[in-house]
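Asks: What follows is a predicted structure for the sequence shown.
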Amino acid sequence: MSDNCLFCRIAQHQIPAHIIHEDDQILAFLDIQPVRPGHVLVIPKQHYAYFEDMPAAVGNRILALGQQLARAMKALYQVERVGFVFTGIHVAHAHAHLIPMHHPQDVTSTQYIAQQDLQFVMPPQCPPDQLADTAAQLRQALAP
């Protein structure tokens with residue numbers, strides 16, 4: 001645990017949070033700046049600056065809870081999809097966001113753009129040979 005990490009302090013109950021789930025390894029609570037109502041953060045209680053630093057077992061617990069929460073959110077918010085993404089942009093403590101998706105851009109946080117009537121276009125499609133090269137590089141990086 002880190003004394004100056006916001007999420008460590010939440011995990012230690014030094015800072016109040018709207019807790020959705022807690023066990024010995026993970027904590028789920030509402031984001032105070034939600035993209036949509038029901039936006040939940042899931043964190044490991046132990047401090048890991050990056051999600052790839054977490055033990056796989058902790059990541060698996062976060063994913064399993066995310067699946068449970070997603071099923072509940074679909075019923076509660078009447079949405080077809082729930083976004084699940086690990087970020088780390090604002091707080092250097094591994095955390096996953098679960099966002100009930102009412103709009104395809106909900107996980108891109110368009111709510112933070114002041115001008116609301118922007119036109120978005122699909123990004124250009126990557127050429128198949130570049131995709132094949134990237135996939136090969138990633139497979140090689142994952143090989144033991």
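Replies: Structure received. Residues are numbered from 1 along each chain as shown.
Asks: Surely Thr87 is in contact with His95?
Replies: Yes. If you go by Cβ atoms under 8 Å, Thr87 and His95 touch, sitting 6.8 Å apart. Every residue, glycine included, has its C-beta placed from N, CA and C.
Asks: Can you pick out the residue with more neighbours from these two?
Replies: Taking neighbours as other Cβ atoms under 10 Å, Thr87 and His95 compare with His95 leading, 24 against 13.
Asks: Centroid-wise, who is the farthest residue in the chain?
Replies: Asp129 (30.3 Å; Cα atoms, centre = their mean).
Asks: Tell me the pLDDT of it.
Replies: Listed pLDDT for Asp129 reads 85.
Asks: Now do it against Val58, distance only.
Replies: For Asp129, the distance to Val58 equals 37 Å [Cβ to Cβ, to the nearest Å].
Asks: Also Ile26?
Replies: 7 Å.
Asks: Equivalent analysis for Gln46, please.
Replies: 7 Å.
Asks: And Ile43, by the same measure?
Replies: On the measure of Cβ to Cβ, Ile43 and Val58 end up 10 Å apart.
Asks: Of those two, give the one with the bigger neighbour count.
Replies: Between Ile43 and Val58, counting by other Cβ under 10 Å, Ile43 is the more crowded of the two (26 against 19).
Asks: what are the ranges of the strands in this protein?
Replies: For the chain, the strands defined by DSSP state E cover 19-22, 26-30, 40-44, 81-86, 96-101.
Asks: Can you tell me which of those is packed in deepest?
Replies: Comparing the strands of the chain by mean neighbour count (mean count of other Cβ atoms under 10 Å), strand 40-44 ranks first with a mean of 24.
Asks: pull the CA atoms of that one into PDB?
Replies: What follows is strand 40-44 as a C-alpha-only set of coordinates in PDB (Å, rounded to 0.1, in the frame of the first residue of the first chain):
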ATOM      1  CA  VAL A  40     -17.700   1.200 -11.400                       C
ATOM      2  CA  LEU A  41     -14.000   1.000 -10.700                       C
ATOM      3  CA  VAL A  42     -12.500  -2.300  -9.700                       C
ATOM      4  CA  ILE A  43      -9.000  -2.200  -8.100                       C
ATOM      5  CA  PRO A  44      -6.600  -4.600  -6.500                       C
END
